[in-house]
Structure formats: structure tokens, C-alpha cells
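Novice: Provided below are the primary sequence and the corresponding predicted coordinates.
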Amino acid sequence: SGFTAITTAIGPVLGGWLIEHASWRWAFFINVPLGAAVIAISLWRIPESRGGAARRIDWLGALTATIGLGGLVTGFIESASLGWHNLLVLGSLAVGLIELAVFFLIESKQKSPMLPLALFSSSAFRGANLLTLFLYAALGIFFFLFPLNLIQVQGYSATSAGAAALPFILLMFVLSRWSGGLVSHYGPRLPLIIGPLIAAAGFALIALPSVGSSYWKTFFPALSVLGLGMAVTVAPLTTVVMNSVGQDRVGVASGINNAVARVAGVLAIAVLGVVMVAAFSSRLNQQIEKTSLPGNALHEIHTNEIKLAGMSIPAGLDPSTNASIKTLLSQAFVYGFRVIMFACAVLSVSSAAMAWLMIGDNRS
């Protein structure tokens, strides 16, 4: 967990620097040599291991899961610009739901399923994954919108925006060993209740800063609280996942939990991204109606609302009007960002509730 955190810290800083000084394409291309190095090290140093019986890859399950999740994500994302009545949106959502239903049907009958449904007979495993779903959904949408807030509204450079989250990451790294010992002293249940509640407080604090707020007085303490909450949560969560299944299923259980975390982030960006655009548009429309902008400028602003505060100001306006519109865009973004941060706090409290209801306090 600690090494994962430190590499996560380097990623945004390096990515921001590459975007600012080279090109956004380098932020993606750099993963190619890193991926090649991982493959080479894995083949060279990691010993092979297999289960007791030969098993086939669940290609059909993988295909239906990919199509299902892709359909849902496409439908939610495109709804922000095309509307809910668009055939592409409705078709994508329908395909996604049908394919996911087929996926679970396949997994229930597959001899070597990608997602062994029998694992979910364990209350602790169900609770750990529901906790992961809610908490990592909150983190996913946060780390998607937070850099936009810093760059589009607060005026940070790409490098500074990447470095802004370092307190969160460093706290997770420094406290990872300590948090792992919490399970032996208090059992997993208490840390998995307290950790998400602290994270919820962090999200609530992140919602407070307005335009032009000082980083050290606002975002820094909020990110520190959020990082503390996640540090308390991550190691006990991993322990619960590993201990809730048999030794021969530990790898599968770990993979499922990681997949749940990734899926949670993707779905949160798709679903809560729509909420963000809706909240931004609502507040912007309320404020912009009080101005005397020409019709073509209003139309251009409404057309580009999906770009949030990063939209270009309509051409042909005087400097004072440009400044007023920029202020309205920033205020509308902050309003939408606050709505999402409070939603993240609710998700975090929900994850604590899952731990309270479904995870025992056995100490290991």
C-alpha cells in the first residue's frame, strides 16, 4: 500500500509537468516503457503459480462485462451533451444493462468464472466490496474534478495542480504501516468505520473553499484530513478482503476488490459527472439571465456548458463583460463542485455504514 501511494504521488506531478512543458500525449506515452518494464520484471523475478486444477480463461465473461460497463459509461457520459432522450444514450444504457445481466448469468453457470459469485456468500467479503464501491466512487470523481477546480478556477498550472494532492498521498504512505497494526489491536470493523467517516469530513472541508482561496489555509488541511481517513481505511480493508476467503482464493478476492475500486471510479465519473454538469448549468443559467448578453453569446455559452469553467469566452465582448462572465463561470463551477463533494461525503458515510453492518470485529 505504501509503495502504491508513493508512485501515485509521483504520477500526477510528472504528468502535470509533461503536459505543461511537453505535450498531453506524453502523459499517455510514458506508460508504454513503464508497462514494458513491469512485464520484463514480472517474467524475470516473479515465480509462476497455478491452482490445483487446470482452468480456462473466462473469455465470454470478460467480453460481456466489458460491453456492459462500456455501454453504461458511454450512456451516462453522452447524456450530458446529447440529452436523455437521444437514441445513442438510450441504446448504450440498454445494451449496458442487458450485457451486465447476461454477465452475471454466465458467471453463475461458468465452471471457471472470472467473478466467482460464491465468494459473496461471505458477509465480510460483501461488506468490504460495498465499502470499496462507495469510497472509491467518491475518490474517483474527486480526483477527476479537483484538478479542474485548481486549473480552471483557481488558476494553478498543470504541474502545481498535480503536486497539490501530495499531502493526501504522503499521509497514506507514511501511515500505511501504522494503519496495518490497527487490525491486530482493534479488529477491522472499527478502523473501517472511523476511516471513511474521517474521509467524509475531508470531502466536506474540500467543499468549503471559494474562488481565490489560499491553498495552505483551505485545500491543504482538507486534503490532510482526507489522507488520514484513507490511511486508516486502506490497510484494514485489504486485510478483510484477504481474510474473508480461503487461501486458494486470495488472489481472486484481491483482483475482484481492485476491479470494484476501478469500476467504482469510472462509474462515478460517468454518473456524478452528469450531476456536476447539471449543477454547473443550473447555477450559471440563473446568474447569466441577469446579464444583458447578446443572443449569440448566450447560445455559445449554453452550447459549451459541458466544458465547465474551461469554456472559451464568446468573442466580441468588451473586457469588463469578459471578466464578469469568467467570474460567473468560476462561481458556477464552485457551486457544482460543492454539490459533488457533499455527495462524496455521503458516499463515504455509506461506506462506513457497510463496515458497521456487515464486517465483524475479529482480530488477527
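Specialist: Yes, it's here.

Novice: what distance separates the one helix or strand A37 maps to from the middle of the whole chain?
Specialist: Per DSSP states H and E, A37 falls inside helix 31-45. In terms of C-alpha atoms, centre = their mean, to the nearest Å, the centre of helix 31-45 is set 26 Å apart from its chain centre.

Novice: Give the next helix or strand downstream of that helix.
Specialist: That would be, after helix 31-45 and using DSSP H and E, helix 59-82.

Novice: which other helices and strands contact the helix or strand following that following helix?
Specialist: Sequence-wise, the next helix or strand downstream of helix 59-82 (DSSP H and E) is helix 87-109. Packing partners of helix 87-109 (3 or more C-beta pairs under 8 Å, 6 or more residues apart in numbering; DSSP states H and E): helix 59-82. Heads up, the C-betas are built off the backbone N, CA and C, glycines and all.

Novice: Show me what the helix it packs on is packed against.
Specialist: helix 87-109, helix 250-288.

Novice: Would you mind finding the most buried of these?
Specialist: helix 250-288 (a mean of 18; mean count of other C-beta atoms under 10 Å).

Novice: Could you pull up the mean pLDDT of the helix or strand hosting H302?
Specialist: Using DSSP H and E, H302 falls within helix 295-303. Per-residue pLDDT values over helix 295-303 give a mean of 85.

Novice: Tell me what angle it forms with helix 59-82.
Specialist: Using axes from the mean of the first three to the mean of the last three C-alpha atoms, to 10 degrees, one finds that helix 295-303 and helix 59-82 are set 160 degrees apart in direction.

Novice: Now the residue nearest to the spatial centre of the chain. Nearest residue, chain neighbours left out?
Specialist: The geometric centre of the chain, computed from its C-alpha atoms, lies nearest to G140 (C-alpha atoms, centre = their mean), at 0.8 Å. Nearest residue to G140 in three dimensions, chain neighbours excluded: G265, at 2.6 Å (C-beta to C-beta, 6 or more residues apart in numbering).

Novice: and the one you found, what is it in contact with?
Specialist: Y136, A137, L139, G140, I141, F143 (C-beta atoms under 8 Å, 6 or more residues apart in numbering).

Novice: Can you name the helix or strand that the first one falls in?
Specialist: This points to Y136. Using DSSP H and E, Y136 maps to helix 123-148.

Novice: Show me which positions of that helix end up buried.
Specialist: Judged by neighbour count using 16 or more other C-beta atoms under 10 Å, the buried positions of helix 123-148 are 124-142, 144-148.

Novice: Compute the number of surrounding residues for S42.
Specialist: S42 has 9 neighbours, counted by other C-beta atoms under 10 Å.

Novice: now it: how far from E48?
Specialist: 10 Å (C-beta to C-beta, to the nearest Å).

Novice: ditto for D318
Specialist: For D318, the distance to E48 (C-beta to C-beta) stands at 69 Å.

Novice: chain center to stretch 221-234: distance?
Specialist: The answer for stretch 221-234 is 15 Å, by C-alpha atoms, centre = their mean.

Novice: List the buried residues of it.
Specialist: Residues of stretch 221-234 classed as buried: 222-234 (neighbour count, 16+ other C-beta under 10 Å).

Novice: By mean pLDDT, flag the weakest helix or strand of this protein.
Specialist: The least trusted helix or strand in the chain, going by mean pLDDT, DSSP states H and E, turns out to be helix 2-21, with a mean of 74.

Novice: For the next helix or strand along the chain from that helix, which outside residues touch it?
Specialist: Using DSSP H and E, the next helix or strand after helix 2-21 towards the C-terminus is helix 24-29. With contact meaning C-beta under 8 Å, 6+ apart, helix 24-29 is reached by G15, L18, I19.

Novice: buried stuff in helix 24-29?
Specialist: A27.

Novice: quick one, domains of this protein?
Specialist: Per automatic domain parsing, the domain ranges recorded for the chain read 1-27+122-364, 56-111.

Novice: quick one: which of the ones you listed is nearest V38?
Specialist: For those, the distance to V38 is smallest for domain 1-27+122-364, at 11.3 Å, taking C-beta to C-beta.

Novice: and that closest one, how far from the chain's centre?
Specialist: The answer for domain 1-27+122-364 is 6 Å, by C-alpha atoms, centre = their mean.

Novice: shaky segments in the chain?
Specialist: 1-6, 8-9, 49-55, 362-364 (pLDDT under 70).

Novice: how about a cut-off of 50?
Specialist: Scanning the chain for pLDDT under 50 picks out 54, 364.

Novice: okay if I get the domains of the chain as TSV plus distance to P33?
Specialist: Formatted as TSV, those follow (distance: least, C-beta to C-beta, whole Å):
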stretch	distance to P33
domain 1-27+122-364	11
domain 56-111	26
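
Novice: for L190, what are its contacts?
Specialist: So L190 contacts L182, D361 (C-beta under 8 Å, 6+ apart).
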